[in-house]
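Q: Structure for the following, please:
(chains A, B and C)
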Amino acid sequence: MGLNSKAWWGGWIVFLAGLLVLVGLFSLGVGAVHIPLRKVVQALATGRGTPEYAILFDVRLPRILLGLAVGGGLAVAGVVLQGMFRNPLVEPYTLGISGGAALGVALNMVVGGSAGFGLFSLPASGFLGAFGVMIVVYLLSAGGGQIKLSRLLLIGVMVSFIAASLIMLIMAMTKVQDLHGIIFWIMGSLQEPSSALIRAILFISLGGLIVSLFFAVDLNALSLGEEEAFHLGVEVERLKKVLFLLASFITGCCVSVTGIIGFVGLVVPHLMRLLVGGDHRILMVTSYLSGAIFLILCDTLARLVLAPTELPVGVITGLVGGGLFIYALSRRGESL
Amino acid sequence: MKDGSVLAITGLSCGYGKRIVLHGVSFAIEKGECVGVIGPNGSGKTTLLRAISGFLPPRGGTISLEGRELHHMGRRSLAQRVAVVTQAPDIMPPFSVEEFVLLGRVPHWRGLQLLETAKDIEIAAEAMEMAGIGHLKERRMGELSGGERQLVFVARALAQAPHLLLLDEPTAHLDIGHQVQIMDLLRELNREEALTIIVVLHDLTLAGLYCDRLILLHEGRLRAIGPPEAVLTKGVIEAVYQTQVTVMETPLGGRPVILPVAGKNQ
Amino acid sequence: MKLARYRSVAILLFVCALLLFVCSDASSLAEPPPPQRIVSLVPNITEELYLLGVQDRIVGVTIYCQRPPEAQSKERVGAVVEVNVEKILSLQPDLVIASPLTDQKQIKKLRDLGVRIEIFKAPQDFEGLCTGFLELAQLVGRGHEAREIIARAEGELAVIIGKAKGLPGPRVFVQIGEKPLVVAGGDSFIDDVVSCAGGVNIAHEVKTSVYSREEVVRRNPDIILIAKMGMAGEREKATWMRYETVKAVQDDRIYTVDSYRFCSPTPLSFVESVKELVRLFHGTE
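A: Coordinates of the predicted model:
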């Protein structure tokens, strides 16, 4: 199945997958503590016990896996939303999901102290906040069973602002210790001690990619407008609802574990669109892989630049992502 | 409802929000007909097309496609039978012509199918050839002229292998060369492939020249229906369009030619 | 008959010897060696460790551990809130001392990897300070030294308090933040220092929080203490000089103090702070 001319799709996927493995290995090998290659081999051979092993496989590897899951997940959510809204400026956080998650975590920290009610409660409260916002935005925009996209966008942006203001209110009234906790959570981090949680996010992220792929063709049809998509046999209303819930769910899960890591969902789909075109089938897969690569690289930078101090990864994604974006736009100059 | 009628509409009313645009429209289309829908701006031509395509649900009356009620059919099932050609917009998403035409095969894909089959590609190629744009297959949609783009839209609709083809003012904004090219294509499809066609046109002469029957809408109601010679009469046109015209016959075939009379508007 | 008595004595002696042996063995079992590789994530604790004389056992500190100056030569493992887990692991510590500010996720991570972490809450008054100091000392096997230091500090403090008792107690406003204006409330160390020195903290009934400048003007303190040195301190002083109705401004009794020493003291530096305040409040005494 598939054309000769679709062979280049396979080429891109293989290339990016290979790049992902390379980047993962690179990230594994570098960090605040210098571990020379022979020690890496030693650690692999002797197994658990040495600090090198612990650093490589208990500290760095979980971060790389989380970077893969969240980078890929946010990129795919970005592709889905940009395709749905036919607007290249939409990203997973535009609809207020991140605001809701941050609000949930802020409330949790204020009421329960900076660890919340136990470590697992932080991602749970983040997810509840994200989910809550998702429901609110959906109900407010689905008037009469139909979702008007322009309305959805506006409501999402407004809810985002409201959530941000509420968070600032909470921060103004809270103890200094809790303030630290909230701010650092918001700044985003790939450090997560629970390997069960990391596995869960990996599963959700990859699952999200696979589910999104089944709507890729519908999204292609949708790029011509809702009426055109309808004429091609697409259930447009159902599609909008499913896509909204899908993208919000992936985003909510990612944000609740890692905090707010911006730009991945905005920049990566764009860059990939410039490279592989607008067909959502290849765009989704390549965006997932590129998002993973991008986030892992940014996290590696965050660990290295001012070692032993670590910068928040959201800072790096913003700077690198924003810079890349402007560069790419100025070189291409064509309509998005 | 006659057997063999592709489309049967009885007492159709529909509109947008509180506004009802069509009132009690009834007619039937037989297989293999080429029917033109004409009428002044705002008379409900596009609304009628939207109702037939299933996009606009009827407020009253029924629409039946090949004997089945329209709103009982699923989207995909409908898209496998009815293809719609709208006006090609100026700004296009970054598809190549071939990719764009292949989108027409989507209604025929099995549930979880993601990639085109060889058959899909074949059908798309045929559709492009028929539309006379096969040579443009690798080009980006944004690079084409308005006329070429409109032909690509027709090719996509053909790739859908429909039983009924709907077109909404396909000749708008086109030069006369491209207008004739598109209408000739439609005639060929109608004669050679026995494709049933309903086309909304603003140009009365063109409509008269190419269509077997004409439906004239006025203020949302069916004002006249019949062969061009019967519908395009001076009296009817002047009453509906509120302007003076001259109606002549073409030397070839006797089809009506409508000429505006300059400077004598009522 | 004599043989029987000798036998019972011998058995008794034997049992005693056995008991002694077991007990001494048990006590040596009950006392594991004190930690030899210590990572301190709290600048205050770092200073206290130096005070206890165990600095040679410190293998890692934060970038903010500036006192004593020798601490700056130690290996850095990160900041106070965010630390570098890799770095800590590579140092193979047998004790890590953290504060409630330290990132909970990182603490859990380290614990899951088998690192021993003790969390020391920040004390809020002299008593808590001494208790915490003693706990720390016992943790590193220097309980004896700690008791001596505490005794000395308590002694000195008692003398100072005694002397200050008879003198008039000025009403003091203590500022620890510039923008926004943050007051040292009843829950802070400074409150304790002030009261030991015989002063009254006009914000005693509130927690450390953002305060209104108008409220300060209304309460009209005799002395204003600014816990910021250098440029920031001078700027704040200049800002206060505009409010001429305040007694502290009129008497020119606005002083800047070392915020670090005042906010994160050791038992000894606490006493130093009190001495300084006594000087400021009552002239030399």
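Q: what helix or strand is the closest residue to A:I167 other than its chain neighbours on?
A: In space, and not counting its chain neighbours, A:I167 is closest to A:A106: 5.1 Å by C-beta to C-beta, 6 or more residues apart in numbering or on different chains. The C-beta positions use only the backbone N, C-alpha and C, and glycine is treated the same way. Element membership for A:A106 (DSSP states H and E) is helix A:97-112.
Q: Now B:T62: phi and psi?
A: When read as degrees, to the nearest 10, the backbone of B:T62 gives phi -130, psi 150.
Q: Secondary structure class of the residue nearest to it when sequence neighbours are not counted, three-state.
A: Nearest residue to B:T62, sequence neighbours excluded (C-beta to C-beta, 6+ apart): B:T10, at 5.3 Å. B:T10 falls in the strand class when you classify it by DSSP: H, G, I helix; E, B strand; the rest coil.
Q: So which residue is smack in the middle of chain B?
A: The centre of chain B sits closest to B:L167, judged by C-alpha atoms, centre = their mean, with a distance of 2.1 Å.
Q: For the helix or strand hosting that residue, which helices and strands make contact with it?
A: Applying DSSP H and E as the criterion places B:L167 in strand B:164-168. For strand B:164-168, the packing partners by 3 or more C-beta pairs under 8 Å, 6 or more residues apart in numbering or on different chains; DSSP states H and E come out as helix B:45-53, strand B:82-85, helix B:146-159, helix B:176-192, strand B:196-200.
Q: interface residues of chain A facing chain B?
A: Within chain A, the positions near chain B by C-beta under 8 Å from any C-beta of the partner chain are A:1-3, A:6, A:86, A:213-214, A:216-217, A:220-221, A:223-224, A:227-228, A:230-235, A:273, A:277-279, A:281, A:335.
Q: residue boundaries of the strands in the chain?
A: You didn't pick a chain, so chain A it is. Along chain A, the stretches classed as strands by DSSP state E are A:142-143, A:146-147.
Q: ah, no, chain B please
A: B:5-16, B:19-30, B:34-38, B:60-65, B:68-69, B:82-85, B:164-168, B:196-200, B:213-218, B:221-226, B:245-249, B:256-260.
Q: Out of the ones you listed, which is the most enclosed?
A: Mean neighbour count (mean count of other C-beta atoms under 10 Å in any protein chain shown) peaks for strand B:82-85 among these, with a mean of 26.
Q: Among the residues of chain A next to chain B, the buried ones, what's the ChimeraX command?
A: The buried subset of those, as determined by 16 or more other C-beta atoms under 10 Å in any protein chain shown, is captured in ChimeraX by this line:
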select /A:3,213,216,217,220,221,223,224,228,230,231,232,233,234,273,277,278,279,281
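Q: Sort out for me which of the residues of chain A next to chain B are in helices.
A: Mapping those onto helices (DSSP state H) picks out A:213, A:216-217, A:220-221, A:227-228, A:230-231, A:273, A:281.
Q: With pLDDT as added columns, please give the residues you listed in TSV.
A: Listed next are those as TSV, based on pLDDT from 0 to 100:
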residue	pLDDT
A:L213	95
A:A216	95
A:V217	93
A:N220	94
A:A221	93
A:E227	91
A:E228	92
A:F230	93
A:H231	94
A:R273	90
A:R281	94
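Q: nearest to A:M168, of those?
A: Distance to A:M168 across these (C-beta to C-beta) is lowest for A:R273, with 34.6 Å.
Q: Quick check: closest non-adjacent residue to the closest one.
A: A:L283 is the one closest to A:R273 (C-beta to C-beta, 6+ apart), at 6.3 Å.
Q: need the contact list for the one you found.
A: A:L283 makes contact with A:79, A:216, A:269, A:272-273, A:276-277, according to C-beta atoms under 8 Å, 6 or more residues apart in numbering or on different chains.
Q: hmm, 10 Å instead?
A: Taking C-beta atoms under 10 Å, 6 or more residues apart in numbering or on different chains as the criterion, A:L283 is in contact with A:75-76, A:79, A:82-83, A:216, A:219-220, A:269, A:272-273, A:275-277.
Q: Top of the residues you listed by number of neighbours, please.
A: Counting neighbours by other C-beta atoms under 10 Å in any protein chain shown, A:A75 comes out on top of the contacts of A:L283 with 35 neighbours.
Q: For C:A30, give me the pLDDT.
A: Listed pLDDT for C:A30 reads 56.
Q: just the strands of chain A: most buried one?
A: strand A:146-147 (a mean of 16).
Q: Check the model's average confidence along that strand for me.
A: Strand A:146-147 shows a mean pLDDT of 82.
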